[in-house]
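Q: starting from these lines, generate the structure:
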Amino acid sequence: MDYRYIVVEGSIGSGKSALSRRLAQHFDALLLSEIPESNPFLERFYLNAANHGLATEMHFLIRRSEAIKVIYAEDERRSRVVADFLLEKDQIYVPVILRDDEQTLYWQIKQRVMPKFPVPDLVIYLEASDEMLDRRLRQRNEGSLNLFPDGYLQQIHNEYRHFFHLYQHAPLLIANTNELDFMGNDDHFALLLKTIANMQGSRIYLNLSE
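A: All right, here's what the predicted structure looks like:
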């Protein structure tokens, strides 16, 4: 299959951005990155989650609506896109971050500002244990775990697993990254490419032990 729109997703610390860059380079595709650090409200959210959650999510919503135009434009040129975020990932974060009344307001605004968005040709979900995700965050930045509100990471990890357990909107490749290192091991990356090329069905699990 000719995959023109690939999404790589995973919880915080999964390595989705790094893998997206490598896949974009391999497929000579446009890399579409969410770049969460560019959200001016994110640091304020980490310091005071109750007061800055809605602004944080609204900023991401606007950026995702803009990304849709880019994806459609590349499709018209018959070019490929690799994104490190799923356009509907707010279904993971909003229930964790926003109070009930804020959630209602967020979904109402989204209905007005979010155009119809394209369905990926393939979604790659990088699955990992809590321990592995925390270890990678420590390796990335020694103090990064201290940025997050108490209990936040555990909630996000759980929401990711629940979301992708039920996800059916696009073909899904679930990769066990407790065992697989797509950035540090070229053989593992080659196995991923082979799995993508030979993928059949709507849901595939990639484990090194199988």
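
Q: contacts and neighbour counts: CA atoms only from here.
A: Noted.

Q: how long is stretch 75-91 end to end?
A: One end of stretch 75-91 to the other measures 25 Å (CA to CA, to the nearest Å).

Q: what residues of it count as buried?
A: 79-87, 90 (16 or more other CA atoms under 10 Å).

Q: so what's residue 122 up against?
A: Residues counted as contacts of residue 122 (CA atoms under 8 Å, 6 or more residues apart in numbering) are 3, 5-7, 170-173.

Q: same check, this time on residue 208
A: So residue 208 contacts 176, 179-180 (CA under 8 Å, 6+ apart).

Q: with residue 129 instead?
A: Residue 129 makes contacts with residue 178, as judged by CA under 8 Å, 6+ apart.

Q: ramachandran angles for it?
A: Dihedral angles phi and psi of residue 129 (degrees, to the nearest 10) take the values phi -70, psi 160.

Q: quick check: next helix or strand after the helix or strand of the chain with the lowest mean pLDDT?
A: Using mean pLDDT, DSSP states H and E, helix 130-140 stands out as the lowest-scoring helix or strand of the chain, at a mean of 88. Sequence order places helix 152-166 as the next helix or strand after helix 130-140, per DSSP states H and E.

Q: which of the buried residues of stretch 75-91 sits closest to residue 19?
A: residue 84 (8.3 Å; CA to CA).

Q: which residue packs closest to the closest one, ignoring adjacent ones?
A: residue 8 (4.9 Å; CA to CA, 6 or more residues apart in numbering).
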